[in-house]
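1. Structure for this input, please:
(2 chains)
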2 protein chains.
Amino acid sequence: MLTVAYQGESGAFSEQAGRAYFGARARLVPMESFKDVFEFATGHPSGFGVVPLENSVFGSVHQNYDLLLKHKLHIVGEVKLRIQLHLMAMPGVPMKAIRSIYSHPQALGQCEDFLRLQKNVSAVAYYDTAGAAKMVREEGRKNAAAIASARAAATYGLSILRRNIESNHRNYTRFIVLSRKSRRLDKAGKISLVFAVKDVAGALFKALAVFALRDINMLKIESRPHVGKPWEYLFYLDIEGSPAEERVLQALNHLDELTTFVRVLGAYPNGKTLI
Amino acid sequence: MLTVAYQGESGAFSEQAGRAYFGARARLVPMESFKDVFEFATGHPSGFGVVPLENSVFGSVHQNYDLLLKHKLHIVGEVKLRIQLHLMAMPGVPMKAIRSIYSHPQALGQCEDFLRLQKNVSAVAYYDTAGAAKMVREEGRKNAAAIASARAAATYGLSILRRNIESNHRNYTRFIVLSRKSRRLDKAGKISLVFAVKDVAGALFKALAVFALRDINMLKIESRPHVGKPWEYLFYLDIEGSPAEERVLQALNHLDELTTFVRVLGAYPNGKTLI
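-> Okay, here's the model as predicted:
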């Protein structure tokens, strides 16, 4: 059986992404931190990890980009998930009884508009969305609610008091699947890579030329200062294609000539978007 | 006197950024939301706004990029601030008396490592970091603390119990200064712009060529899906230069030919980094 690590408690969005990707054949294992997920996938030859990489409202999860650079793992797949947040409580508890609402700080932030309208209610930070739902159930709290996914409500037997309380409904997170083994990609999919260039005019343009000259499409680009190397920038790039294509291999060799550092983070099929 | 709007209560990081930029000559006005700041700056010909645009750990504040597109304001300056978070309480209150810690959800998230180690303490979300400090003072709470800036501690007469509890000490936020009037920039500084290209191979490369062919350096690039236009991408770009330079004007005219949409968000001098 496949083992897949994710950050959070059972019912977390990362678990949902992992389940959507692997289906019933995987055993999903909760971990406390993203770092633990990377370490699990690094230490288990047949294990996988699932982590969020970017959100449509909040941007890239830089912590996971940093962890990708620190570990020798490959991105082997992706899943895009719409983040729907619901308010849930013990069955039979009415809205007016709620005095505290528990969730992960980021989820509380995503429901700021809803929380502002609640009078005499405290929003309390918890380490995890699903963990907050679990706590409300385990302690049988009659005056508390959690903000988490519909899956967490089902997992812990809570009733949903208010649906879709997230301030922005176009809230999608892209999760990546990590493995020690790279994936063989015969058909064109997506290749994620990171490279650094010297901070001189035209350096990035020359680097991107290796793809443009070969009609390879770019899907995403983002620059970041290279921490500890003040005169360099890191560029995270997603391109369309497969390493099985001659022109893609040639482009990557060409990129090597023009940059101070290149790493292919993974090649994988385009992921589905789940609503 | 200049009037400068910012989001949060007195003592907020945005206020600190505004004060650093304008000095003693400005009156800083707190607002409830980023939207209010944009509306204030749009409605007051001699007013300004200060908002965060990107953070070194958490990435771009996409909400403010979206608000930049919705309003006809110009970026006229920038300030980079190191985000240092401290735990503060009423004078004389010891660490062991603290049962609740209040702060903005994002600040609670940034102090996750510290908060995990506290036993029998709830982390409670509040609309604003400085607002949490103000509440602890106004209610004279002896069992509560706030996470906020040193400035908030001074503003509300609170004692700092623990310094620099942020998990990542390389935590910088870049704030921008907004105005209805664009700034005349004679010396080379920074120009921020946004453009859209059709999703065809090489479209972004051609757009970037307008700068590379004229030896204009790029400082930042980030792509985002164009919400509501599924086949287009938006690119946010910072370049080095001034619109007073002929080659920059030519590059911008050339960019117009190659894109479906371009807007210069502002031209301004490079900002200082405050520690």
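
2. Now do the same for the residue nearest to the spatial centre of chain A: its pLDDT.
-> Centrality entry for chain A: nearest residue to the mean C-alpha point is A:Pro52, 0.7 Å, by C-alpha atoms, centre = their mean. In this prediction, A:Pro52 carries a pLDDT score of 94.

3. ok so it is a helix residue?
-> No. Counting by DSSP: H, G, I helix; E, B strand; the rest coil, A:Pro52 falls outside a helix, being strand.

4. Return the distance of it relative to chain B.
-> 12 Å (C-beta to the nearest C-beta, to the nearest Å). (C-beta placed from N, C-alpha, C; glycine too.)

5. who touches that residue in this structure?
-> A:Phe13, A:Ser14, A:Ala17, A:Val61, A:Asn64, A:Thr173, A:Arg174, A:Phe175 (C-beta atoms under 8 Å, 6 or more residues apart in numbering or on different chains).

6. Strands of the stretch 101-250 of chain A, start to end?
-> Secondary structure of the stretch 101-250 of chain A (DSSP state E, counting those that start in this stretch): strands at A:122-125, A:144-148, A:159-162, A:172-179, A:189-198, A:218-225, A:232-241.

7. The fifth one pairs with which strands?
-> This points to strand A:189-198. Applying DSSP bridges to the sheet, strand A:189-198 is found paired with strand A:232-241 (antiparallel), strand A:261-268 (antiparallel).

8. how about those strands in TSV, adding mean pLDDT?
-> Converted to TSV, the strands paired with strand A:189-198 look like this (pLDDT from 0 to 100):
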stretch	mean pLDDT
strand A:232-241	88
strand A:261-268	95
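
9. TSV for those strands, including distance to B:Val29?
-> Formatted as TSV, these follow (distance: least, C-beta to C-beta, whole Å):
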stretch	distance to B:Val29
strand A:232-241	36
strand A:261-268	45
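
10. among those, which is nearest A:Leu68?
-> strand A:261-268 (5.7 Å; C-beta to C-beta).

11. Which positions in the stretch 51-200 of chain A make contact with chain B?
-> With C-beta under 8 Å from any C-beta of the partner chain as the criterion, the stretch 51-200 of chain A comes near chain B at residues A:56-63, A:104-106, A:108-109, A:112, A:115-116, A:122-127, A:170, A:199-200.

12. Now, those that are in helices?
-> For those, the ones inside helices are A:His62, A:Gln63, A:Pro105, A:Gln106, A:Leu108, A:Gly109, A:Glu112, A:Leu115, A:Arg116, with DSSP state H as the criterion.

13. how's chain A carved up into domains?
-> Using automatic domain parsing, the domain parsing of chain A gives A:2-83+A:171-179, A:86-162, A:189-274.

14. and A:Pro94, what does it touch?
-> A:Leu161.

15. Same question for A:Pro91.
-> Contacts of A:Pro91 by C-beta under 8 Å, 6+ apart are A:Gly157, A:Leu158, A:Ser159.

16. Make sure A:Pro269 is actually in contact with A:Lys190.
-> Yes. Applying C-beta atoms under 8 Å as the test, A:Pro269 and A:Lys190 come out as touching, 7.3 Å apart.

17. These two: who's more crowded?
-> The neighbour comparison of A:Pro269 against A:Lys190 (other C-beta atoms under 10 Å in any protein chain shown) goes to A:Lys190, with 21 against 15.

18. roughly how far apart are that one and A:Ile75?
-> According to C-beta to C-beta, to the nearest Å, A:Lys190 and A:Ile75 sit 9 Å apart.

19. Need the overlap of contacts for the two.
-> A:Ala267, A:Tyr268.

20. burial measure for A:Asn253, as a count.
-> Neighbours around A:Asn253, by other C-beta under 10 Å: 11.
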